[in-house]
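Asks: sequence below, structure please.
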Amino acid sequence: MALSNIRYAFGVHSFAPYNRSTGEFYGIARVLGGSSVSLSGSLVKLEGGSSKYPWAVEDSTISAEVSLKVKQYEDFMFELFLGKAPTAVGVDAAGVVSAVTDKFGTSVVAATGLASVVVIPTTGAANLKFGKYTIKAASASTIDVYVSSNIDFARGTDADYESDLLKVTSSPLSISTGANTDVAAFGLRFTGGASATAFTVGDTATFEVLPPSSKSMSVSIGATSDVFPEFGAIMYAKKAGDLSMWEIDALRCKGVGMPLGLEENKFSEAEIKAEAFFDSAANAVLKLRHIIPSS
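Replies: The predicted model follows:
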């Protein structure tokens with residue numbers, strides 16, 4: 001009788017974490033540089049006297065580390081590895097300008113300052129440019145506007161910086177009681193407060209802008225209330241040429257931390273670590289399955 005063909009694994013196909021209580025999947029990671037479970041054990045040696053070798057060796061604990069190298073960033077990754085589920089938004093045809101809020105001092109957003117910053121009706125949405133904006137009082141009745149990045153300045157009407165301090169207003173904007181002052185290239189309307197304008201020079205306020213979008217998400221990481229849930233995870237190797245498939249089910253996992261790396265002319269990649277540990281109900285840490293379909 002000839003020897004059987006060897007059993008092998010090749011490549012990586014997917015990683016799908018699931019809720020341990022309901023069995024529902026959080027999602028799937030498909031653009032992977034690797035997905036593995038490393039089972040690393042340790043031995044305890046009995047040593048002493050003049051012997052150069054141990055008198056006895058016994059097995060000790062085994063660590064089951066799940067390693068995931070991802071090249072995509074899905075909402076569930078933030079929930080499982082950074083402790084907070086993102087707020088996801090679908091199609092937004094109008095764009096969003098967040099509420100303007102005083103940052104330094106209290107005179108910018110006030111009855112004697114600005115009442116609001118909004119999208120210019122009808123024409124403004126097409127010119128909204130993604131970023132974080134800072135308003136600074138230049139005089140008792142004027143402001144300058146600064147933007148965190150020029151990444152989106154080609155959207156709609158082209159824009160550019162006016163200084164190395166990221167100022168985008170060529171001259172200070174005049175703000176008067178109840179009146180509108182538009183910055184057309186950015187799609188923004190600044191409306192004065194109900195009383196005579198009286199900014200304190202140097203005071204600042206901030207707001208954020210989202211242009212019209214097909215999909216967006218936002219998440220704040222690091223709150224004291226953040227929770228890192230336990231989860232299960234199913235990993236698959238690539239389907240091999242003989243149609244064989246490998247499945248690894250890590251029954252109970254916990255991970256804390258996920259890098260967010262950006263490199264020059266390179267797709268971002270994050271290496272995530274989690275620990276697989278004992279599931280009393282299943283009396284196991286992992287379940288493995290391998291199959292070669294008959295057709």
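
Asks: got the buried residues for stretch 161-171?
Replies: For stretch 161-171, the neighbour count (16 or more other C-beta atoms under 10 Å) marks 166-169 as buried. C-beta here means a position set from N, CA and C on the backbone, and glycine is covered the same way.

Asks: quote the end-to-end distance of it.
Replies: 12 Å (C-alpha to C-alpha, to the nearest Å).

Asks: sorry, back to before: for the buried residues of stretch 161-171, which one is nearest Asp92?
Replies: Val168 (23.2 Å; C-beta to C-beta).

Asks: that closest one contacts Ser148, doesn't it?
Replies: No: the criterion here is C-beta atoms under 8 Å, and Val168 misses it with Ser148 at 10.6 Å.

Asks: three-state assignment of the residue nearest the centre of the chain?
Replies: Central residue of the chain (C-alpha atoms, centre = their mean): Phe78, 5.7 Å from the mean position. Here Phe78 is helix, with the state taken from DSSP: H, G, I helix; E, B strand; the rest coil.

Asks: give the contact list for it.
Replies: Contacts for Phe78 (C-beta atoms under 8 Å, 6 or more residues apart in numbering) come out as 84-86, 219, 221, 258.

Asks: do that again at 10 Å, thanks
Replies: Under the criterion of C-beta atoms under 10 Å, 6 or more residues apart in numbering, the neighbours of Phe78 are 84-86, 217, 219, 221, 258, 260.

Asks: ok, Asn150 next?
Replies: Asn150 neighbours (C-beta under 10 Å, 6+ apart): 129, 131, 159-161, 166, 168.

Asks: need the overlap of contacts for Val168 and Ser148.
Replies: With C-beta under 10 Å, 6+ apart as the test, Val168 and Ser148 both reach 131, 133.

Asks: taking the contacts of Phe78, tell me the two that lie furthest apart.
Replies: Pairwise distances across the contacts of Phe78 (C-beta to C-beta) peak at 16.5 Å, for the pair Ala85 and Leu260.

Asks: which of the two has more residues huddled nearby?
Replies: Legend: neighbour count by other C-beta atoms under 10 Å for Ala85 and Leu260, higher for Ala85 (17 against 10).

Asks: give the closest residue to that one in space, chain neighbours not counted.
Replies: Glu79 (4.1 Å; C-beta to C-beta, 6 or more residues apart in numbering).

Asks: same check, this time on Pro212
Replies: Gly95 (4.7 Å).

Asks: test my guess that that neighbour contacts Ala126.
Replies: Yes: counting by C-beta atoms under 10 Å, Ala126 is a contact partner of Gly95 at 8.7 Å.

Asks: comparing the two, which shows the higher neighbour count?
Replies: Gly95 (19 against 15).

Asks: so who does the more buried one touch?
Replies: 119, 124-130, 187, 209-213.

Asks: what residues are bridge-paired with the nearest residue to Ala179 once chain neighbours are set aside?
Replies: In this structure, Ala179 finds its nearest non-sequential neighbour in Gly192, 5.1 Å apart by C-beta to C-beta, 6+ apart. Judged by DSSP bridges, the bridge partners of Gly192 are Leu114.

Asks: ok, Gly192 to Ser36 distance?
Replies: 60 Å (C-beta to C-beta, to the nearest Å).

Asks: show me which of the two is the more surrounded one.
Replies: Neighbour count, other C-beta under 10 Å: between Gly192 and Ser36, Gly192 has more, with 22 against 14.
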